[in-house]
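> Here's my sequence, what's the structure:
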Amino acid sequence: QLQFEESGGGLVQSGGSLRLSCSASTFSLHSYPMAWFRQAPGKENEGISCISNSDDKTYYIGSVEGRFTISRDTEANTVYLQMNSLNSDDTGVYYCAAISFCSAVGLRRGPYGSLGQGTRVTVSS
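Numbering: from 1, shown residues only. This is a model prediction of the structure:
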């Protein structure tokens, strides 16, 4: 079973930044395309960004493109999500997960297995 640990969430003012981290202790994150999902209050879980494991190509949904950056540190076995220019619509619980392939379709297909506990991001206006 793939298990991930997310961290880095918190309370931030609108316009601020946060960097989320995703790690795994029992396998290499480089083995899979990795994605970040977000569940905003009252909304369905949504894939927002992913990174390929073959060439590190990335994909972002429109609402975060240009503000968020996903990256991978193979040596640290960690995937990051740098979030800048945060706004209230970014409030939610963020999860990382492995996916089948990195694209809009891959994000819509959802994660392999169950999501972990996630890390909560709250953006105050």
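> Torsion angles phi and psi at the residue positioned nearest the centre of the chain?
The centre of the chain sits closest to residue 36, judged by Cα atoms, centre = their mean, with a distance of 2.1 Å. Main-chain torsions, residue 36, degrees, to the nearest 10: phi -110, psi 130.
> got a list of what it touches?
Counting by Cβ atoms under 8 Å, 6 or more residues apart in numbering, residue 36 touches 20, 22, 47-50, 70, 79, 81, 94-96. Any C-beta I mention is one placed from the backbone N, CA and C, and that applies to glycine too.
> now the helices for the protein?
104-109 (DSSP state H).
> so what's the closest residue to residue 78 other than its chain neighbours bridging to?
Excluding the flanking residues, the one nearest residue 78 by Cβ to Cβ, 6 or more residues apart in numbering is residue 23, at 4.9 Å. Listed beta-bridge partners, residue 23: residue 5, residue 78 (assigned using DSSP bridges).
> isn't residue 23 right up against residue 34?
No: using Cβ atoms under 8 Å, residue 23 is not in contact with residue 34; the gap is 11.0 Å.
> Need the residues touching each of those two.
residue 79.
> more neighbours, these two?
Neighbour tally, residue 23 and residue 34, criterion other Cβ atoms under 10 Å: the higher count belongs to residue 34, 25 against 16.
> so who does the closest residue to residue 6 other than its chain neighbours touch?
Closest residue in space to residue 6, ignoring its immediate chain neighbours: residue 119 at 4.2 Å, by Cβ to Cβ, 6+ apart. If you count contacts by Cβ under 8 Å, 6+ apart, residue 119 has them with 6-9, 20, 93-94.
> again with residue 103
Residue 103 neighbours (Cβ under 8 Å, 6+ apart): 50, 59.
> Then residue 28?
74, 77.
> Please enumerate the strands of the chain.
Secondary structure of the chain (DSSP state E): strands at 5-7, 10-13, 18-23, 34-39, 45-51, 58-60, 68-73, 78-83, 92-98, 119-124.
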